[in-house]
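> give me a model of this one.
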Amino acid sequence: MGILDGKKLLITGVLTGDSLAFGAARLAQEEGAELLLTSFGRARSLTERSARRLPRPVEVLELDVTRPDQLEAAREAVSERFGRLDGLLHSIGFAPQSCLGQGMFAADWQDVSTMLEVSAYSLKALVAAMVPLLTESPSASVVGLDFDATVAWPGYDWMGVAKAAYESLARYLARDLGPKKVRVNLVAAGPVQTVAARSIPGFAHFEQVWDPRAPLGWDLLDAEGAVAKACVALLSDYFPRTTGEIIHVDGGFHAVGA
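Next up, the predicted model:
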C-alpha cells in the first residue's frame, strides 16, 4: 500500500519532465493516488506530452487561473471525475520580463499586478474554487511550491515580493480553512534546473553557491527526488495537524550564514 492510496488529487504546474510538479505527480501515482492535471493554451500540448510519461494515463484539464469561468469549469470537471478532492498541488507562477533581473524600478504596476495575480493570488482563486470538493474529503491538503522569501535574492526582484505575499496568503488560508479540516502548507524548494528556473536572470549564481553552502548538499538536477517526496508527504495523512507551515527542502541552505 502507498501513502496516497485512494487519494484524489489535482496537480497544477506540470509542463515538462523537469518540472517539480511532474516529479510530485509521478511519485503521487506510485503511492496510489488518482490524478488530474491542469494546463492551458499553447502549454497544454507540453503538459499532455508529459502526462503520457507518467506511470498511468492522466487527463489534463484546461485551466487559466485568472479566468473565473475556467476555475468553475475545472471544479465541475473534478466533481464529475472524482466527486471530492483530497489534495491540491499549486505550482503556478509567471513574471513579465520587467519583473526579473532589472531591479525594483523597471517594472510598472501593470506588470507587477499581472505577476501578483498569477503567482500569489491564484493560490486563493484556485483553493476557493475547489473548497466545496476539498471539504468533501475527511482529510484534505493544499500544498504550494515556494522559494524562500525571507531574504532578497540576486535577480529575483518582484518575484521575491510575490513569494512573500504567497507565504503570507498561505498562512491566512490555513487559518480560514482549518475549521473545515483543510490543511495548507508550502514547500520552499532549493533551486532546481527547470524551464521556469532557467528563465530567472542570475540563476547561475545559485548553482555556484547552493551546494557548497547547504549542510546536506544540494542536487540542482533533482526534480523528482527530495521536493517531490516532501509534497507527497504533505498531501498524505502523515501530517494531520500541520498547517500554515513552510517546509524547507533546500539542503539546509536557509539555516546557515556565509
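
> quick one: neighbours of the nearest residue to Glu167 once chain neighbours are set aside, just the number.
Leaving aside its chain neighbours, Glu167 sits nearest to Ala149 (5.4 Å; criterion: Cβ to Cβ, 6 or more residues apart in numbering). Quick note: C-beta positions are derived from backbone N, CA and C, even for glycine. For Ala149, the neighbour count with other Cβ atoms under 10 Å is 21.

> cool, Val187 as well?
If you count neighbours by other Cβ under 10 Å, Val187 ends up with 27.

> packing partners for the one helix or strand it maps to?
Using DSSP states H and E, Val187 maps to strand 182-189. Strand 182-189 sits against helix 122-134, strand 140-146, helix 157-177, helix 226-235, strand 246-249, with contacts defined as 3 or more Cβ pairs under 8 Å, 6 or more residues apart in numbering; DSSP states H and E.

> what's the burial count for the nearest residue to Trp158 once chain neighbours are set aside?
Residue nearest to Trp158 in three dimensions, not counting chain neighbours: Cys99, with 3.9 Å by Cβ to Cβ, 6+ apart. Neighbour count of Cys99, defined by other Cβ under 10 Å: 25.

> gap between Gln193 and Arg75?
Separation of Gln193 from Arg75 (Cβ to Cβ, to the nearest Å) stands at 34 Å.

> the two: which is more packed in?
Comparing Gln193 with Arg75 by other Cβ under 10 Å, the one with more neighbours is Arg75, at 21 against 16.

> could you check the angle helix 122-134 makes with whichever helix or strand that one is part of?
Assigned by DSSP H and E, Arg75 falls within helix 68-82. Using axes from the mean of the first three to the mean of the last three Cα atoms, to 10 degrees, the inter-axis angle of helix 68-82 relative to helix 122-134 is 40 degrees.

> packing partners for helix 68-82?
The helices and strands touching helix 68-82, judged by 3+ Cβ pairs under 8 Å, 6+ apart, are strand 8-11, strand 34-39, strand 60-62, helix 122-134.

> may I see the buried residues of the last one?
Within helix 122-134, the residues that qualify as buried by neighbour count (16 or more other Cβ atoms under 10 Å) are 122-127, 129-131, 133-134.

> now the closest residue to Gly83 other than its chain neighbours: phi and psi?
Of all residues not flanking Gly83 in the chain, Glu136 sits nearest, at 6.9 Å (Cβ to Cβ, 6+ apart). Dihedral angles of Glu136 (phi, psi; degrees, to the nearest 10) stand at phi -80, psi -10.
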